[in-house]
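> Here is my input; please provide its structure:
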Amino acid sequence: MLLPPVCLLCGDSGYGPDICLGCRRDLPSNLHACVRCALPVVVGVAECPTCQALPPCWGGAFSAFRYEFPVDSMIRSLKFDGRLVFGRLLGQLLALELRRRLFARGAARPQLIVPVPLHPARLRERGFNQAAEIARYAGALLATEVREDLVARNKDTPPQVDLDAAARRRNLRNAFTVDPGLQHRHVAIVDDVLTTGATATALTETLVDAGAACVEVWTVARTLGRDPGSVRTPGRASFEYRLTNAGRVGPVVTCANPAGCDQAAAARPRRLFISNGPTKAVPSR
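Numbering: from 1, shown residues only. Sure thing, here's the model as predicted:
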């Protein structure tokens, strides 16, 4: 006999495996957010002022929720208490929000999901990688390949939580290496929280150098009040694309290799757009 689903937050009967309808509705959704850094913006605004002046090296960012109660408690329970069941719930919620708010509107799906890796020493200490737990369940629901072994973290960096943006960037310099056999052109990075973007920046640059043409950043939650521009490098070579179906403008994705991105897009029935109409490529500022 199968037991009915029980909400992890309140103990009531769930409408899904791990959450009830009431608690699901109360989650702090990040509905109106900058398409580049996922910080909240006013309705009708696509990019925040920082991203308009200095875009990140990745193309688009999606954070399903704001880093507020109870999402922050769920992430901490997964990360520090080892409650892996929250990895399942958070991964499924991330996938459901992506399907509802991006893919249902014609946004291009990545070919590969890459969770942010832990250094082997940290992985041994914790026993699991919270980003990989989230990515595994999100990838299963989205029917997208997840590669936990593609990227290695070769520097055992100090914890990021107490560092400012500049220190985070120094902390992560040359922190990642990528398997040279990367074949996928459109990649999504998955992590639990997006704060300054230092980790996403370091990993995006590593993936682009390894041959990825399009990189997006997906996280469960977005912290508020941090300046994402303080970890960005002006002049990083990249190109902006909007991969869409039926001409609908979708999220921007980074393309450091326009020819490779054209080839990847040509394999799918999609058009390439930027905000002011069809084009081949526009260099990022």
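> Poorly predicted segments of the stretch 51-200 of the chain, please.
Scanning the stretch 51-200 of the chain with the threshold set as pLDDT under 70 gives 156-172.
> so where do the helices sit in it?
For the stretch 51-200 of the chain, the helices defined by DSSP state H, counting those that start in this stretch cover 71-81, 85-101, 120-126, 130-142, 165-171, 198-209.
> Centroid-nearest residue for this protein?
The structure's the chain has its C-alpha centroid closest to Trp218; by Cα atoms, centre = their mean the separation is 1.4 Å.
> Using the three-state scheme, assign that residue.
strand (DSSP: H, G, I helix; E, B strand; the rest coil).
> residue contacts, it?
By Cβ atoms under 8 Å, 6 or more residues apart in numbering, Trp218 lies in contact with 61-63, 94, 98, 113, 138, 188-191. Backbone N, C-alpha and C define where each C-beta goes, glycine included.
> Is there a quick PyMOL command that grabs whichever of the residues you listed are buried?
To isolate the buried members of the contacts of Trp218 in PyMOL, using 16 or more other Cβ atoms under 10 Å:
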select buried, resi 61+62+63+94+98+113+138+188+189+190+191
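> could you redo the contacts of Trp218 as CSV and give each row distance to Asp81?
Putting these into CSV (distance: Cβ to Cβ, whole Å) gives the following:
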residue, distance to Asp81
Ala61, 27
Phe62, 26
Ser63, 22
Leu94, 20
Leu98, 26
Ile113, 25
Ala138, 21
Ala188, 27
Ile189, 24
Val190, 20
Asp191, 18
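> Cys57: which of the helices of the stretch 51-200 of the chain is closest?
Closest approach to Cys57 among these (Cβ to Cβ): helix 198-209, 5.2 Å.
> other SSEs contacting that closest one?
Applying 3 or more Cβ pairs under 8 Å, 6 or more residues apart in numbering; DSSP states H and E, one finds that helix 198-209 contacts strand 151-153, helix 165-171, strand 176-178, strand 186-194, strand 214-222.
> Check these for me and report the most buried one.
strand 214-222 (a mean of 28; mean count of other Cβ atoms under 10 Å).
> State the mean pLDDT of it.
Averaging pLDDT along strand 214-222 yields 97.
> Put the alpha carbons of it into PDB.
This file holds the C-alpha atoms of strand 214-222, laid out as PDB (Å, rounded to 0.1, in the frame of the first residue of the first chain):
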ATOM      1  CA  CYS A 214      25.500  29.200 -25.300                       C
ATOM      2  CA  VAL A 215      25.500  29.200 -21.500                       C
ATOM      3  CA  GLU A 216      22.600  29.900 -19.200                       C
ATOM      4  CA  VAL A 217      22.500  30.000 -15.400                       C
ATOM      5  CA  TRP A 218      19.600  28.300 -13.500                       C
ATOM      6  CA  THR A 219      19.200  28.500  -9.700                       C
ATOM      7  CA  VAL A 220      16.500  27.700  -7.300                       C
ATOM      8  CA  ALA A 221      16.800  31.100  -5.600                       C
ATOM      9  CA  ARG A 222      18.200  34.600  -6.000                       C
END
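> re earlier: looking at the contacts of Trp218, which one is closest to Leu21?
Leu94 (18.3 Å).
> Hmm, that closest one is touching Val220, no?
Yes. Using Cβ atoms under 8 Å, Leu94 is in contact with Val220, at 5.3 Å.
> Between those two, which contacts overlap?
64, 134.
> thinking again about what came up before, identify whichever of the helices and strands packed on helix 198-209 lies nearest to Val35.
The nearest among the helices and strands packed on helix 198-209, by Cβ to Cβ, is strand 214-222 at 10.1 Å.
> Okay, angle between the closest one and helix 71-81 too, please.
Inter-element angle recorded for strand 214-222 and helix 71-81: 100 degrees (by axes from the mean of the first three to the mean of the last three Cα atoms, to 10 degrees).
> Neighbouring strands - and their directions - for strand 214-222?
Strand 214-222 pairs in its sheet with strand 60-66 (parallel), strand 186-194 (parallel), by DSSP bridges.
> and Leu9, which of those strands is closest to it?
Among the strands paired with strand 214-222, the nearest to Leu9 by Cβ to Cβ is strand 60-66 (13.2 Å).
> got the strands paired with strand 214-222 as CSV, with distance to Ala107 columns?
Rendered in CSV, the data for those read as follows (distance: least, Cβ to Cβ, whole Å):
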stretch, distance to Ala107
strand 60-66, 8
strand 186-194, 11
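> Between those, which one is closest to Phe86.
Between the strands paired with strand 214-222, strand 186-194 lies closest to Phe86; by Cβ to Cβ that is 9.9 Å.
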